[in-house]
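**Student:** Need a 3D model of the following:
(2 chains)
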Amino acid sequence: MFYEYEIDYDTQNSYEKGLNEAFWQFLVVPEENDTQELTYWHFENDLGERNSVSINGLGFRTVQVRSKKEIDHIKFNAHFKLIKKEVNPFDFELPLDSKEDYDQLRSLDFRIDHEPFLRNTRLTHLPEKYATIFPFDENVSLFENLQALNQWVFNKIFFKPGVTDVHTHMEEIIEKRHGVCQDFTHLFCAIAKKNGVPTRYVSGYLHQGNGFFGDSQMHAWVEAFVPNAGWIGFDPTNNLLANHNHIKVCHGKDYTDCAPLKGVVYTLGKNETKYSVLVKAAQQQQQ
Amino acid sequence: MGSATEKTIFSSYVRKEGLFDEVFKGNGNVKSVYQKLLDLYGSRSIEDYVNLNTKAKSSFFNQGITFQVYGDKQSQEKIFPFDLFPRIIDPKEWEIIEKGAIQRSLALNHFLWDVYHDKKIVKDGIVPIELLSSSPNYLHQMMNVDPPSKVYNHISGTDIIKHSDGNYYVLEDNIRCPSGVSYVICNRTALKRALFGVFNHYKTHTVTNYAENLLHLLESVKPPGVDSPVCVVITPGMFNSAYYEHSYLAKAMGVELVEGRDLFVENDFVYMKTTQGPVRVDVVYRRVDDLFIDPMEFNPDSALGVPGLFAAYQKGNVTIANAPGTGVADDKAIYTYVPDIIKYYLDEEPILKNVHTYHCSRPDELKYVLENVKELVVKPVDEAGGYGISIGNKLTKDEIEKVKAEVKANPRKYVAQPIMSLSVHPTYIDEKESFEQRHVDLRTFTVLGHDQQFVLKGGLTRVALKEGNLIVNSSQGGGSKDTWVLKQ
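**Tutor:** Below is the predicted model:
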């Protein structure tokens, strides 16, 4: 089964005092992988500057815009068409003996190969006092533990926009039990890493047709590495495995690697950022 | 000429028991390489010496050769205290230093390639993965990036001491943005002005060709497909403690000195803004730390870097020297593995020795360190410039407890070494109006290019000006001496 999507990413940044030099980098282009095929892209900015496509340090496409004129705002639009292949997230074999998974997690070669995604970062660091908040049960498979963690995070945190930001400590998220998809994702990553499972933060779009919690803007979820199965997507905000509604843009160690917009502007005044995302399912194709 | 009643320069020089003096033997006789110098100047009076030294110092002021001590609110800039009495290294000893410095730099370059590619040394169990994963300088973005000519540590500053056993030991490998080479050249210039006659009696290797050699090697690691590369030196700006050096090197190489805002990136190429329009830049000799070079990839608040620089680098359109991520090997915890690193990649025995180091991250070694703080030098693994170092036998009881608590709270952050007895060199001390023994070390500068390398034949002899002090860094109030490497 194939799904065809159209995605619109729109942003407007305004600068109170104006600026005469700026550089913006957008990390909003869907990744091309086994389940995603990008068939069309178009970028526009209202400054008349070039939209240069580049690759960032983690291998994902970015769009860079540089302005050297006196301006007080930038509008940027990205339009994509994409074909998404439906895959069965359960399409792998659980090991007969669950010990195999855990032995592999503990092996030196495994920890070296997956080092970047086992590393603690500021945003995925589980506070010491919560180190055993969700220990894995080694009598069942790793995949089942991750599913249980997905559900646990979903039940633990209440979706509430506007109360957290990138500076919020994980301690506060655990104690106040509220947050948005970034917070669900970071908490999942922190606990899984504590249990020795490589995890990465995924940024992307969520097709909202079915009434999921996204944040009506860009969405975040987790990919966890399960030996013999590979990277599997978990969406703890919705207690789901990532499916054909999850359109991936990029992954990284945490949100910092995946911020959709980074900019360097030379200005003294305040600035304001607005953006919106629209994901439409064009049609379903039976093939 | 001094008369018999005046004090000659060494008439009140006291040699202390147990210190390794580089000029005088145990029996008080002068070592052979210094004989000529003492024949020429030994009978001069202290006054003559002071006059010459003052002249030499004023030339530093006049040239604006200054540095700044962080955390010192009193003054912005100081001249680097300079001592006219030179240090002389004979050709045989120099050969060891030179070979040893090159061996270390090459081995560390292999190590950097490996940790950013197959990580064989980690898989073979030589270096623990935890050392890498806990290092903020181990950059995920550099994984599988191939730097031009496979060079990471283009410029290394290796700090070497001569121990009382007569052997040379390496204290540190500085491979982020080692500084000090401008002082080497300025010291020589000042000495040539003050004591021009002496160079007729000594066959000393020149140091003033450093910039020329550096430019040649930087050009050799240009990106593929570039014919005559444009190089620049990028500085964090005039408030950086080494700004003088940045401007000196740019001028001496005949290239532009730029700050981040003077460069921009378009379509993954780097350009310099000039009055004649943009000029493409091919090689960036950066004196800005990794985490500040590109706010798109690293510290997003950095105003010192160039947005988009890393993407241009990764695409092979520009060379950055030293390569991003090199700092992972400039970590005092990695230092302890350098002898193993040399054996692993080069299948050679280390030419220069390491000082034995205890890792506070290992429980048994932590225990030893905590019990013996008084006999040890405790250092943070990731600080440069001598900041945060405590020397056990100089600490009060309270200070010892403080160090212990600090180490216990954050063991990965600290290593400890036995207190080494650095050699001493006669140094003129203003307040005492005489020469006294002061501890010295030597910072050597090694440059790696495309299939070629060189060590500057000379180096920065740093002097700890306080009596008995072992920390020689300029940021800790150290001084310097001209260092002569004699020709065969």
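**Student:** and the stretch 1-150 of chain A, which residues reach chain B?
**Tutor:** A:21, A:23, A:25, A:50, A:52, A:54-58, A:62, A:64, A:66, A:108-109, A:111-112, A:115-116, A:118-119 (Cβ under 8 Å from any Cβ of the partner chain). In this view, the C-beta of every residue, glycine as well, is placed from N, C-alpha and C.
**Student:** Restricted to helices, list those residues.
**Tutor:** Using DSSP state H, the subset of the residues of the stretch 1-150 of chain A next to chain B located in helices is A:108-109, A:111-112.
**Student:** Over to A:Leu118: give its phi and psi.
**Tutor:** phi -110, psi -10 (degrees, to the nearest 10).
**Student:** Quick check, it in contact with B:Ser133.
**Tutor:** Yes. Assessed by Cβ atoms under 8 Å, A:Leu118 is found in contact with B:Ser133 at 6.9 Å.
**Student:** Name the residue in those two with the higher neighbour count.
**Tutor:** A:Leu118 (21 against 16; other Cβ atoms under 10 Å in any protein chain shown).
**Student:** Which residue comes closest to that one once chain neighbours are left out?
**Tutor:** Spatially, and ignoring its direct neighbours in sequence, A:Leu118 is nearest to A:Pro198 (5.3 Å; Cβ to Cβ, 6 or more residues apart in numbering or on different chains).
**Student:** what about the closest residue to A:Leu241 other than its chain neighbours, how many neighbours?
**Tutor:** Excluding its sequence neighbours, the residue lying closest to A:Leu241 (Cβ to Cβ, 6+ apart) is A:Pro89, at 4.0 Å. A:Pro89: 15 surrounding residues under other Cβ under 10 Å.
**Student:** Quickly note the distance from A:Pro89 to A:Leu240.
**Tutor:** Here A:Pro89 is placed at a distance of 9 Å from A:Leu240 (Cβ to Cβ, to the nearest Å).
**Student:** With A:Ile55 instead?
**Tutor:** Taking Cβ to Cβ, one finds A:Ile55 at 30 Å from A:Leu240.
**Student:** any idea how far the closest residue to chain B within the stretch 101-250 of chain A lies from B:Ala250?
**Tutor:** Taking Cβ to the nearest Cβ as the measure, the stretch 101-250 of chain A has A:Pro116 as its residue closest to chain B, at 4.6 Å. Going from A:Pro116 to B:Ala250 by Cβ to Cβ gives 36 Å.
**Student:** first vs last residue of stretch B:352-372, how far apart are they?
**Tutor:** From its first residue to its last, stretch B:352-372 covers 27 Å (Cα to Cα, to the nearest Å).
**Student:** name the element the closest residue to chain A within the stretch 251-400 of chain B belongs to?
**Tutor:** At 4.1 Å from chain A, B:Pro307 is the closest residue in the stretch 251-400 of chain B, using Cβ to the nearest Cβ. Using DSSP states H and E, B:Pro307 maps to neither a helix nor a strand.
**Student:** Please name the nearest non-neighbouring residue to it.
**Tutor:** A:Phe23 (4.1 Å).
**Student:** likewise A:Gln151?
**Tutor:** Counting by Cβ to Cβ, 6+ apart, A:Gln151 lies nearest to A:Asn239, which is 5.4 Å off, once chain neighbours are set aside.
**Student:** And for B:Ile155?
**Tutor:** With Cβ to Cβ, 6+ apart, the residue lying closest to B:Ile155 is B:Val447, at 5.6 Å.
**Student:** and what of A:Ala78?
**Tutor:** A:Tyr9 (4.4 Å).
**Student:** Pull out the buried residues from the helix or strand encompassing that neighbour.
**Tutor:** Element membership for A:Tyr9 (DSSP H and E) is strand A:2-19. Within strand A:2-19, the residues scored as buried using 16 or more other Cβ atoms under 10 Å in any protein chain shown are A:3-5, A:7, A:9, A:11, A:13-15, A:19.
**Student:** So B:Tyr358 versus B:Asp364, what's the distance?
**Tutor:** Distance from B:Tyr358 to B:Asp364, by Cβ to Cβ: 9 Å.
**Student:** more neighbours, those two?
**Tutor:** Neighbours around B:Tyr358 and B:Asp364, counted as other Cβ under 10 Å, are more numerous at B:Tyr358. The numbers are 21 against 9.
**Student:** For burial, what's the neighbour tally of the residue of the stretch 101-250 of chain A closest to chain B?
**Tutor:** A:Pro116 has 19 nearby residues by other Cβ under 10 Å.
**Student:** Test my guess that it contacts B:His140.
**Tutor:** Yes. Using Cβ under 8 Å, A:Pro116 is in contact with B:His140, at 4.6 Å.
**Student:** Now for these two: what residues contact both?
**Tutor:** Common contacts of A:Pro116 and B:His140, defined by Cβ atoms under 8 Å, 6 or more residues apart in numbering or on different chains, comprise A:Lys253.
**Student:** residues contacting A:Val153?
**Tutor:** Here A:Val153 is in contact with A:184, A:187-188, A:191, A:236 (criterion: Cβ under 8 Å, 6+ apart).
**Student:** of all those, which two lie farthest apart?
**Tutor:** A:Phe184 and A:Ile191 (11.3 Å; Cβ to Cβ).
**Student:** Mind telling me which residue of chain B is nearest chain A?
**Tutor:** Closest point on chain B to chain A, by Cβ to the nearest Cβ, is B:Gln141, at 2.9 Å.
**Student:** next one: phi and psi at that residue?
**Tutor:** phi -70, psi -20.
**Student:** What about it, how many residues nearby?
**Tutor:** 22.
**Student:** Return the residues in contact with the nearest residue to it once chain neighbours are set aside.
**Tutor:** The shortest distance from B:Gln141 to any non-neighbouring residue, by Cβ to Cβ, 6+ apart, is to A:Gly57 (2.9 Å). Counting by Cβ under 8 Å, 6+ apart, A:Gly57 touches B:139-142, B:297, B:310-311, B:314.
**Student:** Up against chain A, what does the stretch 51-200 of chain B have?
**Tutor:** B:119, B:122-123, B:125, B:129, B:132-133, B:139-143.
**Student:** cutoff 6 Å now
**Tutor:** B:119, B:122-123, B:129, B:133, B:140-141 (Cβ under 6 Å from any Cβ of the partner chain).
**Student:** which pair in these spans the largest distance?
**Tutor:** B:Lys123 and B:Gln141 (21.6 Å).
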